[in-house]
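J.: need a structure here:
(chains A and B)
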Amino acid sequence: MNINNLLSNDILSLSVQDSITTAAQRLLEHKVSILPVTDATGRYLGTFDMKHLLALLLPKAVLLEGGVSDLAFVSDPMETLCERMHEHGDQTVGEFIDKEARTVHPDSSLIEVVLLLYRGENDIPVVDKNSGKLLGMVSSAELLTRVCKGA
Amino acid sequence: MHGETQAIHTLFGLNPLWLASGIFVATYAVIISERINRAIVALLGGGLMILCGILTQEAAIRGIDFNTLGLLIGMMVIVSITRKSGIFQFVAIWIAKKVKAHPVGILLMMSLVTAVFSALLDNVTTVLLVTPVMLLISEELKVKPYPYLFAIIFMSNIGGTATLIGDPPNIMIGSAANLSFNDFLLNLAPIIPLIAIATLLPIWWFWRKEMVATMADRERVMRFNEIEAITDWKLLKQAALVFALVIAGFMLHGLLHLQPATVAMFGAAMLLLLENFGSDPELQGKRVHHALTEVEWVTLFFFIGLFIAVNGIEQAGLIGAMAEGLLSFTGGDLNTTAISILWGSAIASAFVDNIPFVATMIPLIKSMAPAMGGEQAIMPLWWALALGACLGGNGTLVGASANLVVAGIAEQAGTPIRFVRFLKVAFPLMLLSILIANAYLYFRYL
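T.: Next up is the predicted model:
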């Protein structure tokens, strides 16, 4: 079975110029936790994750390496969270894009995809090896649906 | 450092003085260039001293000051366990609330906490504990963190000067010159509050206009619940007990005829025992492994390599020659020698790592003792070296490891501390602190 068979039909993506507000709306609207980011020609550039949005709500001091390890003592209310999100609303996806996210190719090994998903990768971008074009995303849900149905 | 001089058979019969000096200068140069990790360079330098025949295997081992290493390891283990309790966060939040989250009050109190922590723990550990909490508080207050981070750097180096265990140069000096915890407390600690206040006032003056927060933002910090910062009450009590015993042990180590390393290592073992008593073997294994991996092995191996390299130049006669040079420069006068060491150490430590500098100066000062009236007579030289090397680290961003650690955290937080901007304020303030130290040495000892 080819990875292509696991791809969703419509390719959802973001561009680097999209604002954080747009990115948040699209993630929530389509009920996905991660979206690939592409350029105008459809070439894959990286991913934008719901974790990027959550990070915007947190004080920077916890996101540092060796930073504050827990926030049980902080009682920032919802208004503060909204304020923080609002402050970043005009920033672009390009400022947060994750270029290190793992990708696979249509001819990647199926079991490697399972391993990546198991290791906590969200949906994984499938990229054409030669052109670098985004072909779609492969998700745990889609893979497990196929496995349970017996392919 | 402590080896006895013996016949040296070098590789190809090369002149041992030149060979050892060449290896040492090259080691020093590469350490300063920061192109290769300093531990690797020091170990290679030490290794070359043995391979080239300047030191025998036994002489090299004798040069390693295991008391310095033991004290550092012991304290690192104690801190790595203690920090899991959340006590350091608790203290920082508690004092911020005590001053009603006023930005200037926080500057003062955070400086006090940093100085006190730094006197009891090593500087790098202190800034690693204090800086993230300070960033969190400044973020909640919506004030620029720069002045606070600047003060943390200064106070960590100033506070660390006060005690035997506060800064690695003091640990090395104490061990080599057989000076006790109380010796440091009685001779260095008295001047530290004055130096701290004298440097803190200009810091406040420079940035006073930026230290303003609205009542709403201060209220956010006032809502912090410091009790929630304590994550493990049982561990906190155990750590507090061990910490108190270790400090008491340091104060009494002269009377008990124990080296500080023994006190620190025994304290570490006690805390490990208390933490793990009654736990299953698997959990014990995990916890002990975690505590020991938190030890900064890179720093320790850096020390090992350096001790061997310095022993090499001592055996080859370079230290003796340098001591003679310094004595002829100062005419053997204690006043001039002490003041030269103070200012020389301060300027040098502002630009190069103070650890190799102090490692080189220790045998040099020791070898001057006979010419200057014996070990007791040269006591002011040790205080001059400690004050110069520890306070000098404030002069530039690269002057001390703690400065670089704060700069690293600040960079990650999007508030970079730049070399020149830091230097413009820090260097004059460092000179001010040395001026005060100079007056103190002059009136008390010279």
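J.: can you pull the contacts of the residue lying farthest from the centre of chain A?
T.: Largest separation from the mean C-alpha position in chain A: residue A:73, at 30.1 Å (CA atoms, centre = their mean). Contacts of residue A:73 were listed using CB atoms under 8 Å, 6 or more residues apart in numbering or on different chains, and they are B:89, B:93, B:224, B:225, B:226, B:227, B:228, B:229. In short, each C-beta sits where N, CA and C put it, glycine included.
J.: Distance-wise, check the spatially most central residue of chain A relative to chain B.
T.: What sits nearest the mean C-alpha location of chain A, by CA atoms, centre = their mean, is residue A:34, with 2.5 Å. Distance from residue A:34 to chain B, counting by CB to the nearest CB, to the nearest Å: 24 Å.
J.: What are the neighbouring residues in contact with that residue?
T.: A:27, A:47, A:48, A:49, A:50, A:122, A:123, A:137.
J.: Contacts only, for the nearest residue to it once chain neighbours are set aside.
T.: Closest residue to residue A:34 apart from its sequence neighbours, by CB to CB, 6 or more residues apart in numbering or on different chains: residue A:122 at 4.1 Å. For residue A:122, the contacting residues are A:33, A:34, A:47, A:49, A:139, by CB under 8 Å, 6+ apart.
J.: what's the burial count for the last one?
T.: Think residue A:139. Counted by other CB atoms under 10 Å in any protein chain shown, the residues lying close to residue A:139 total 19.
J.: That one touches residue A:8, doesn't it?
T.: Yes: counting by CB atoms under 8 Å, residue A:139 touches residue A:8, with 7.5 Å between them.
J.: Give me the number of neighbouring residues for residue A:18.
T.: 19.
J.: Make sure it is actually in contact with residue A:90.
T.: No: look at residue A:18 against residue A:90 with CB under 8 Å: they stay out of range, at 11.2 Å.
J.: So which of the contacts of residue A:34 belong to helices?
T.: Secondary structure assignment by DSSP state H places A:27, A:50 of the contacts of residue A:34 in helices.
J.: follow-up on the earlier one: what values do phi and psi take at the residue farthest from the centre of chain A?
T.: Residue A:73 adopts backbone torsions of phi -90, psi -10, taken as degrees, to the nearest 10.
J.: contacting residues for residue 26?
T.: Going with chain A. A:12, A:14, A:18, A:35.
J.: nope, chain B please
T.: Neighbours of residue B:26 in contact, by CB under 8 Å, 6+ apart: residue B:45.
J.: For residue B:45, see how far away it is.
T.: Per CB to CB, to the nearest Å, residue B:26 is found 7 Å from residue B:45.
J.: Name the nearest residue to residue B:134, ignoring sequence neighbours.
T.: residue B:148 (5.1 Å).
J.: Can you name the residues of chain A sitting close to chain B?
T.: For chain A, the contact set with chain B under CB under 8 Å from any CB of the partner chain comprises A:59-68, A:70, A:72-76, A:80.
J.: out of these, which are inside strands?
T.: Members of those lying in strands (criterion: DSSP state E): none.
J.: Centre-most residue in chain B?
T.: Central residue of chain B (CA atoms, centre = their mean): residue B:167, at 2.3 Å.
J.: List the residues that contact it.
T.: Contact analysis of residue B:167 by CB under 8 Å, 6+ apart lists B:118, B:122, B:123, B:157, B:160, B:161, B:389, B:390.
J.: Let me have these in CSV, extended by neighbour count, pLDDT and secondary structure.
T.: CSV is the format used below for the contacts of residue B:167 (neighbours: other CB atoms under 10 Å in any protein chain shown; pLDDT from 0 to 100; DSSP: H, G, I helix; E, B strand; the rest coil):
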residue, neighbour count, pLDDT, secondary structure
B:118, 30, 94, helix
B:122, 27, 82, coil
B:123, 30, 86, helix
B:157, 33, 96, helix
B:160, 31, 94, helix
B:161, 31, 95, coil
B:389, 31, 94, helix
B:390, 33, 95, helix
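J.: Those residues: which ones sit near chain A?
T.: Of these, not one also sits near chain A (CB under 8 Å from any CB).
J.: now those residues as a markdown table including distance to residue B:262?
T.: Below are the contacts of residue B:167 laid out as a markdown table (distance: CB to CB, whole Å):
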| residue | distance to residue B:262 |
| --- | --- |
| B:118 | 23 |
| B:122 | 18 |
| B:123 | 23 |
| B:157 | 27 |
| B:160 | 22 |
| B:161 | 24 |
| B:389 | 25 |
| B:390 | 24 |
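J.: before we move on, the earlier item: name the SS class of the residue nearest to residue B:134, please.
T.: Put simply, residue B:148 is helix when judged by DSSP: H, G, I helix; E, B strand; the rest coil.
J.: what's the answer for residue A:44, then?
T.: Going by three-state DSSP: residue A:44 is strand.
J.: Looks like it contacts residue A:16 (just checking).
T.: No: look at residue A:44 against residue A:16 with CB under 8 Å: they stay out of range, at 11.8 Å.
J.: any residues in contact with both of those two?
T.: In contact with both residue A:44 and residue A:16: residue A:37, using CB under 8 Å, 6+ apart.
J.: Among these two, which residue is more densely surrounded?
T.: residue A:44 (21 against 17).
J.: elements contacting whichever strand or helix holds residue B:60?
T.: In this structure, residue B:60 sits in helix B:57-63 according to DSSP states H and E. Applying 3 or more CB pairs under 8 Å, 6 or more residues apart in numbering or on different chains; DSSP states H and E, one finds that helix B:57-63 contacts helix B:38-51, helix B:297-316.
J.: pull the helix or strand with minimum mean pLDDT from chain B.
T.: Scoring the helices and strands of chain B by mean pLDDT, DSSP states H and E places helix B:318-330 at the bottom, with a mean of 83.
J.: in the longest helix seen in chain B, what counts as buried?
T.: Counting residues, the longest helix found in chain B (DSSP H) is helix B:419-445. Buried residues in helix B:419-445, counted by 16 or more other CB atoms under 10 Å in any protein chain shown: B:422-423, B:425-427, B:429-434, B:436-438, B:440-441.
J.: and those residues, which two are the farthest apart?
T.: B:422 and B:441 (26.9 Å; CB to CB).
J.: wait, residue B:109 sits on residue B:98?
T.: Yes: counting by CB under 8 Å, residue B:109 does reach residue B:98; the two are 6.8 Å apart.
J.: ok, the two, which is more surrounded?
T.: Set residue B:109 next to residue B:98 and count neighbours by other CB under 10 Å: residue B:109 wins out with 19 against 11.
J.: Excluding sequence neighbours, find me the nearest residue to the more buried one.
T.: Residue B:109's closest residue in space is residue B:95 (CB to CB, 6+ apart), at 4.2 Å.
J.: on that earlier part again, got the contact list for the residue nearest to residue B:134?
T.: B:106, B:107, B:110, B:134, B:138 are the contacts of residue B:148 under CB under 8 Å, 6+ apart.
J.: For it, give me the pLDDT.
T.: Here the pLDDT value assigned to residue B:148 is 96.
J.: mind checking how far it is from residue B:352?
T.: For residue B:148 relative to residue B:352 (CB to CB), the value is 27 Å.
J.: pLDDT value on residue 111, please?
T.: Going with chain A. Looking at residue A:111, its pLDDT reads 92.
J.: look at chain B instead
T.: Confidence score, pLDDT, at residue B:111: 96.
J.: Counting neighbours, what do you get for it?
T.: Using other CB under 10 Å, residue B:111 has 25 other residues around it.
J.: Reformat the contacts of residue B:148 as CSV; add neighbour count.
T.: Formatted as CSV, the contacts of residue B:148 follow (neighbours: other CB atoms under 10 Å in any protein chain shown):
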residue, neighbour count
B:106, 28
B:107, 24
B:110, 25
B:134, 27
B:138, 27
